[in-house]
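Novice: curious how this folds, go ahead:
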Amino acid sequence: MRGCSLKYHFFLWCWTTIFLIQYHTGYSQDVLLKEDYCERAMHLNQESEAQRNIDRRLALTKATEALQLAEHGSCDEMIALACRNIGIIHFFTGNYIEAGEYYEASLKLYQSLGNQHGEAAMLHTIGYLWQMQSEFDKALELYKESISIKEKIGDTKGMAATYDNISNIHYYTGQFASAIELINKTISIWEKAGELEEMAYSLTNLAAIYEIQGYYDEALNLLERAMAIVEDHRNDALKSTILHNMGAIYYELFEYEKAMGFYTDALLIKIDLDDKAGISLNLSNIGSLLRMMGRLDESNTYFTQALKIDQELGNQLGIATQLAQIAGNLLDRNEPLQAMEYYRQSNEIATSINARFLLMENYKNMITAGSQARNYGLAYEYMKKYVAYSEELSLSPEDFERHHPESQSRNRFTKVAGKISRLETIEILLLISIVLNLGLLIMAWRKH
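Specialist: Numbering: from 1, shown residues only. Okay, here's the model as predicted:
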């Protein structure tokens, strides 16, 4: 009996030892397997981010694979990052509903994990989604929340990225001086941090303001600086924006063939990237160019295509812009009543989103529409509104000097802007004089 007992205990000891070894080995393999899943998901997320501005289909494939691996390994941080990356690609390709769903999932995960860096980044990203739908108030609210967290955790570069987006809203709403101030702040941050690619974005934004104010040479200089950086970093998305903006400057300088070349190069990249918002903007500006070349039928086709894309995206600013563009073609066809109706619809949307620069441009063109329709009283009312917006939104030479003190050729740019401003003032005064005189003649005729 004693021998059997010893054999039994020996067998039990062996079995327990084997079980413990197998359990420990299995547990270790599970841990290693989870770490492997998380690491592979991390690498796929990084690869997706690297491809995002070059090949969006490949970027989406890698982010989706990252999400699947992260979910399999219960890697919450990587799940949140993959959701963010997938959302960004959907955003770029104009699928705003899908983008919003992935963004919200990412934000909730970061909040549950107590990851403030991730939370602040997602508030910024969701804010930009609202910004692109012209919901500027909602965007600003989220940007403020994002900056508040970034200040607490000392994320200076993250704050710079959000300042860049806020400056874009100031640009759309015609607050140009504050936009320049914010952009100059971000350029300084990016330069000190050695983030040249991010600095290129800020330079491009600053160039857009100088272009709209008539400082064309300075704008081109900034875009050329940005392009030199982009060529070194292979960022096709930003490259297409720079090419497009160069085209816009040459359009303003009446170099239409050159402008068309830049617009076409930009559009081809945007199509390759499936950048729907960018495609719409490019189509619209090519339409403007074709109008100036007298090709109205072709021009209208481009505006209609752009309008359809903006309606699909829910981009209110884009819709308002395309309605104004179509109105411009109607003016060229001497159909002022129809043109004024399109301008009215455009103004209604522009007013709702506080797009003051577009309102100013619309009222300027509505003066012509009123005159064509021989409704001089209405033309005069439009003129007063145009003058009010023009005075409010124009940067004075003093403002330019204050916000751009490092420009070596500042005086020349100031003179160019001043010349444009004086010509517009003379034109406005002349039109006011004509309208008032016509009004007096009509009153005199009625009395007679």
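
Novice: tell me the buried residues in stretch 203-223?
Specialist: When burial is assessed from 16 or more other Cβ atoms under 10 Å, stretch 203-223 yields the following buried residues: 203-216, 218-223. The C-beta positions use only the backbone N, C-alpha and C, and glycine is treated the same way.

Novice: only C-alpha atoms, please: export that stretch in CSV.
Specialist: Extracted in CSV, the C-alpha atoms of stretch 203-223 (Å, rounded to 0.1, in the frame of the first residue of the first chain):
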residue,chain,number,x,y,z
LEU,A,203,3.3,79.6,-44.8
THR,A,204,0.6,78.5,-47.3
ASN,A,205,-2.1,79.9,-45.1
LEU,A,206,-0.3,83.2,-44.7
ALA,A,207,0.2,83.4,-48.5
ALA,A,208,-3.5,83.0,-49.0
ILE,A,209,-4.2,86.1,-46.9
TYR,A,210,-1.6,88.2,-48.7
GLU,A,211,-3.0,87.1,-52.0
ILE,A,212,-6.5,88.1,-51.1
GLN,A,213,-5.2,91.5,-50.0
GLY,A,214,-3.3,92.0,-53.2
TYR,A,215,0.3,91.4,-52.0
TYR,A,216,0.9,89.0,-54.9
ASP,A,217,4.7,89.0,-54.9
GLU,A,218,4.9,88.3,-51.2
ALA,A,219,2.4,85.6,-51.5
LEU,A,220,4.4,83.9,-54.2
ASN,A,221,7.6,84.1,-52.2
LEU,A,222,5.8,82.3,-49.3
LEU,A,223,4.4,79.6,-51.5
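
Novice: poorly predicted segments of the chain, please.
Specialist: 1-35, 395-448 (pLDDT under 70).

Novice: from Thr264, how far off is the most centrally placed residue in it?
Specialist: The centroid of the chain falls nearest to Met132 when counting by Cα atoms, centre = their mean (6.2 Å). Per Cβ to Cβ, to the nearest Å, Met132 is found 24 Å from Thr264.

Novice: how close does Ala369 get to Leu331?
Specialist: Ala369 is 6 Å from Leu331, by Cβ to Cβ.

Novice: any shared contact partners between these two?
Specialist: Ala339 (Cβ atoms under 8 Å, 6 or more residues apart in numbering).

Novice: quick one, which of these two is more surrounded?
Specialist: The neighbour comparison of Ala369 against Leu331 (other Cβ atoms under 10 Å) goes to Ala369, with 26 against 20.

Novice: that one contacts Tyr343, correct?
Specialist: Yes. Shown here, Ala369 and Tyr343 form a contact pair, counting by Cβ atoms under 8 Å, at 6.8 Å.

Novice: common neighbours of these two, please.
Specialist: Ala327.

Novice: mind listing the helices for the stretch 251-400 of the chain?
Specialist: Counting by DSSP state H, counting those that start in this stretch, the stretch 251-400 of the chain has helices at residues 256-273, 276-292, 296-313, 316-332, 336-352, 356-372, 376-393, 397-403.

Novice: go through the ones you listed and name the closest to Ser167.
Specialist: Smallest distance to Ser167 across these (Cβ to Cβ): 11.8 Å, for helix 397-403.

Novice: ok, now which ones touch Gly247?
Specialist: Contacts of Gly247 (Cβ under 8 Å, 6+ apart): Lys258, Ala259, Met260, Gly261, Phe262, Tyr263, Ala266, Asn285.

Novice: what about the second one, neighbour count?
Specialist: Same thing as Ala259. Other residues close to Ala259 by other Cβ under 10 Å number 23.

Novice: try the last one
Specialist: Around Asn285 there are 25 other residues, counting by other Cβ under 10 Å.

Novice: from Arg374, how far off is it?
Specialist: Taken as Cβ to Cβ, the span from Asn285 to Arg374 is 32 Å.

Novice: ok, now the first one?
Specialist: Counting by Cβ to Cβ, the gap between Lys258 and Arg374 amounts to 39 Å.

Novice: between these two, which is the more surrounded one?
Specialist: Lys258 (15 against 10).

Novice: so the more buried one touches Tyr250, yeah?
Specialist: Yes. Taking Cβ under 8 Å as the definition, Lys258 is a contact partner of Tyr250 at 4.4 Å.

Novice: now do the contacts for the residue nearest to Ile153 when sequence neighbours are not counted.
Specialist: In space, and not counting its chain neighbours, Ile153 is closest to Gln116: 5.2 Å by Cβ to Cβ, 6 or more residues apart in numbering. Each residue near Gln116 by Cβ under 8 Å, 6+ apart is listed here: Ile149, Lys152, Ile153.

Novice: what ranges do the helices span in the stretch 51-200 of the chain?
Specialist: 56-72, 76-92, 96-113, 116-132, 136-153, 156-172, 176-193, 196-212.
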